[in-house]
Every structure is written in structure tokens, then in C-alpha cells.
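Student: with the sequence up front, the predicted model follows.
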Amino acid sequence: MKAGVEGLPLSPQPKYGAGAMLFHWLLAAMIVLALVLGWYMAGLPFSPARVRLFNWHKWLGMTVLLVAALRLAWRLGHPAPPLPPSMAGWERGLAHLSHGLMYLLFFAVPLIGWARSSAAGFQIVYLGLVPLPDLVGKDKALAALLAQAHMVGAWLLAALVVLHVAAAVKHAVIDRDGVFSRMLPSLFTNRNP
């Protein structure tokens, strides 16, 4: 742990609650899976396997949308613990900006994908059971535009995820200021100096 005033260790940082941790790690796993699956299936030739992967990707995207909504609702009722005073102003600003952009993309990327599927004439039937309404009418030109917007959004989200992970590693390895451990269950953290 980093030394504080007069060589004393910094006090442990307040942690996120169990609900926030659950939503964070669940959403992180689903987003990484959706990104990997999306890039993998996009390069495949048309086949029944590709159609199946597209359906899984869509179902995963709709689940991301649902979990993101639940996470946002949870967050509104359970504010994040304060950032440590040792963080520079630019770090705080970048943290708030990147988190805000990630929340925006948690919703925008799946919604654009849903609209793209609608415009291409492929209704999403969630988990093969629940038909979701089309967001837009069938329109080939709009489908192509939305496909590009979905891909750009996915790349932006991937870049933010990489930035988020890099910041977490910096705080864990270089700064050793307890910021990273705030999102880890106590099982994985050692509070003893």
C-alpha cells in the first residue's frame, strides 16, 4: 500500500457494494463476449452456424441492454464511493468522462444493433421465445448505415474498455492507491498493510 502523510499507509478506500460489483463484472463479461462474438461472426461466410452466432449475439446484446438498465437503476440508488483525494483532477475528470461514455454506449450499441436488425428485416426473437418489436421499418440503406454505426460504437466501447482496464492496472500496480480493489469482492483483497 502506498505511504500517506508522514510515512503512514493510506487508509483503505471505501468499496462498492455487492450489487454494484455483481452488475460491473456481469456486464464486463457480457460485453467482452459480445464484442469477441461480433467480430468473429462478421468474418464468417453465410451458413447455419453464422446465423446461430448472429442470434446469440443479438440475445447477448438484448441482455446487455437489460443488465445495463438494471445497473443504471442500481447506481442511481447507490452512489459510487468517493474517489481518493490523492487522484489528480485530470484523472478524476477522465474517470467521470470515460464512465459516462461507457454508460452511453452500454445502451447505444445494443439499441443500434436492434434497429439495424429491424431495418434488415430480421426481427429479434429473444432466446428464441420472445419476439421483440421492430424499432424501424425494413430499409436496406438504413440497415447498412446502422451496421456501420453499430460497428463504430462497438469499437468505441472496446477502446473505452481497454482504457478502463489500463487505468485499473495503473491504480493497482503503479499507484497502489486502493482504487482497483474497490470493485473487487473482499475475498480477492487483503486489507492488512
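Tutor: That came in fine, so what should we check first?

Student: what does the pLDDT read for residue 122?
Tutor: Looking at residue 122, its pLDDT reads 95.

Student: likewise residue 183?
Tutor: Predicted confidence (pLDDT) for residue 183: 87.

Student: that one: neighbouring residues, count only.
Tutor: 18 (other C-beta atoms under 10 Å). Bear in mind the C-beta positions are built from the backbone N, C-alpha and C, glycine included.

Student: which residues does it contact?
Tutor: 15-16, 20-21, 24-25, 168 (C-beta atoms under 8 Å, 6 or more residues apart in numbering).

Student: where do the strands sit along the protein?
Tutor: 125-126, 130-131 (DSSP state E).

Student: can you select the buried ones from the contacts of residue 183 in ChimeraX?
Tutor: A single ChimeraX command is used to select the members of the contacts of residue 183 judged buried by 16 or more other C-beta atoms under 10 Å:
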select :15,16,20,21,168
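
Student: quick check, nearest of the contacts of residue 183 to residue 99?
Tutor: Nearest to residue 99 out of these is residue 24 (C-beta to C-beta; 10.9 Å).

Student: right, and the closest one touches residue 15 too?
Tutor: No: Residue 24 lies out of contact with residue 15 (C-beta atoms under 8 Å); the separation is 11.7 Å.

Student: give me the pLDDT for the residue nearest to residue 59 when sequence neighbours are not counted.
Tutor: Of all residues beyond its chain neighbours, the one nearest residue 59 is residue 127 (5.6 Å), with distances taken as C-beta to C-beta, 6 or more residues apart in numbering. Residue 127 carries a pLDDT value of 95.
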